[in-house]
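S.K.: Got a predicted structure here, sequence first:
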Amino acid sequence: MNSPQTWMITGANRGLGRALAIAALEAGHAVVATVRGAHSLPEHERLAVHQLDVRDRLGAFAAVTQAVAKFGRLDVLVNNAGYGLIGAVEEATEEEGRTIIDTDLLGPLWLSQAVIPVMRN
């Protein structure tokens, strides 16, 4: 097995994010899982769950700081959190459009800005 890493996975409560978090734990890695609200992730000594709305830039930086304080490092960032709409494009409201941009574009930017200096060190 490769040496254990610390992963940060956004949107880890369900779907792909949850599957990646569980697979990383099973592979021996530590995981910082971010969720927007309540979660059903299993208890695990190498799992830290943080509430985070990726649209919150300061919250993203705080989550990274907390992750490093707990595990001492971050090696992998999975920007998995996302927001989507189903329906005709002309029916999307301005608020829905801004939520998509804030979540799917700016959220990964904020997390990347917070994590890259840690990874470079």
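M.R.: Nice, I can see it. Numbering: from 1, shown residues only.

S.K.: how near is the residue nearest to Lys70 when sequence neighbours are not counted to His29?
M.R.: Nearest in space to Lys70, with sequence neighbours left out and distances taken as CB to CB, 6 or more residues apart in numbering, is Ala48 at 5.3 Å. Quick note: C-beta positions are derived from backbone N, CA and C, even for glycine. Going from Ala48 to His29 by CB to CB, to the nearest Å gives 12 Å.

S.K.: Tell me which strands the helix or strand encompassing the residue nearest to Lys70 pairs with, and in which orientation.
M.R.: Assigned by DSSP states H and E, Ala48 belongs to strand 47-51. The pairing partners recorded for strand 47-51 under DSSP bridges are strand 30-35 (parallel).

S.K.: tell me the average confidence for the partner strand?
M.R.: Computed over strand 30-35, the mean pLDDT rounds to 98.

S.K.: For Met8, name its beta-bridge partners.
M.R.: Beta-bridge partners, per DSSP bridges, of Met8: Val32, Leu77.

S.K.: and it, how far is that from Val68?
M.R.: Here Met8 is placed at a distance of 10 Å from Val68 (CB to CB).

S.K.: Please identify which of these two sits among more neighbours.
M.R.: Met8 (31 against 18; other CB atoms under 10 Å).

S.K.: who's in contact with the more buried one?
M.R.: 31-32, 34, 63-64, 67, 74, 76-78, 111, 115 (CB atoms under 8 Å, 6 or more residues apart in numbering).

S.K.: Packing partners of the helix or strand where Ala114 lies?
M.R.: Taking DSSP H and E as the definition, one finds Ala114 inside helix 107-120. When contacts are defined as 3 or more CB pairs under 8 Å, 6 or more residues apart in numbering; DSSP states H and E, helix 107-120 sits against helix 57-71, strand 76-78.
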